[in-house]
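> Just the structure for this:
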Amino acid sequence: MATYRLPIFISLSVIFMSFFSAAIAVVDAGNPDLKFVKTSCSAATLYPAVCVKSLSPFAAHIRRSPRRLITTAVALSISKARSTVTFVDRVSRSRGLRPRDNAALKDCLEEVSDGVDMLVKSLKEMKKLGIPESPDFQWHLSNVQTWISAALTDETTCLDGFPTAGRVKSEVQTRISYLAQVTSNALAICNNFAGKS
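You can find the predicted model right below:
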């Protein structure tokens with residue numbers, strides 16, 4: 001008799017999960033703020049899945065504002081960059097590192113730290129944008145684009161000093177890859193905004 005209960009339980013679970021998933025899809029479809037984030041990520045970025053996943057929790061704050069979308073994307077990139085700095089610093093203090101890995105970690109730490117500085121500058125510059133008709137709008141926006149781009153370059157340069165293979169490079173590469181995707185998305189969103197302004 002117990003053998004019949006398991007298929008019934010599984011069937012009911014599948015039906016419930018299907019209903020629950022459909023309900024979530026309806027809520028998502030009816031949320032214009034979330035739709036704005038998804039549409040913006042899909043239209044502008046190289047990593048739309050990362051973009052949607054990382055920015056969707058902030059959809060209510062973004063409220064369909066392109067500027068808030070940019071500032072949120074940059075702030076997220078700063079957060080990820082700072083956690084990457086902490087991670088690289090911790091790995092660089094590990095015992096038994098090969099000299100070349102140790103040197104590469106120190107260079108990487110400097111590069112990512114410089115990237116954090118560039119991202120912070122770009123976030124501050126966003127506050128100076130003003131209205132699109134203002135005389136300095138394009139200049140400030142260009143600064144934001146330049147500094148986000150510089151941060152992305154710093155992040156990707158981080159891996160250059162590592163030997164071609166190894167545990168340390170693999171650990172750092174995973175973090176840097178995600179950070180570079182988040183920063184690339186911030187730059188793409190900013191570039192898309194600039195193209196429309």
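> need the helices for this protein, in chain order.
Taking DSSP state H, the helices of the chain run over residues 2-29, 32-44, 48-55, 59-62, 66-92, 99-126, 137-157, 167-196.
> I'd like those helices laid out as a markdown table, including mean neighbour count.
C-beta here means a position set from N, CA and C on the backbone, and glycine is covered the same way. Shown next, in a markdown table, are those (neighbours: other Cβ atoms under 10 Å):
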| stretch | mean neighbour count |
| --- | --- |
| helix 2-29 | 10 |
| helix 32-44 | 18 |
| helix 48-55 | 19 |
| helix 59-62 | 17 |
| helix 66-92 | 20 |
| helix 99-126 | 19 |
| helix 137-157 | 19 |
| helix 167-196 | 19 |
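> CSV please, covering the ones you listed and showing mean pLDDT.
CSV is the format used below for the helices of the chain (pLDDT from 0 to 100):
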stretch, mean pLDDT
helix 2-29, 43
helix 32-44, 96
helix 48-55, 97
helix 59-62, 96
helix 66-92, 96
helix 99-126, 95
helix 137-157, 96
helix 167-196, 94
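> Phe36 touches Arg64, doesn't it?
Yes. Counting by Cβ atoms under 8 Å, Phe36 touches Arg64, with 4.2 Å between them.
> need the contact list for the spatially closest residue to Ile148 that is not a sequence neighbour.
Among residues not flanking Ile148 along the chain, Leu187 sits closest, at 4.5 Å (Cβ to Cβ, 6 or more residues apart in numbering). Leu187 makes contact with 145, 148-149, 152 under the criterion Cβ atoms under 8 Å, 6 or more residues apart in numbering.
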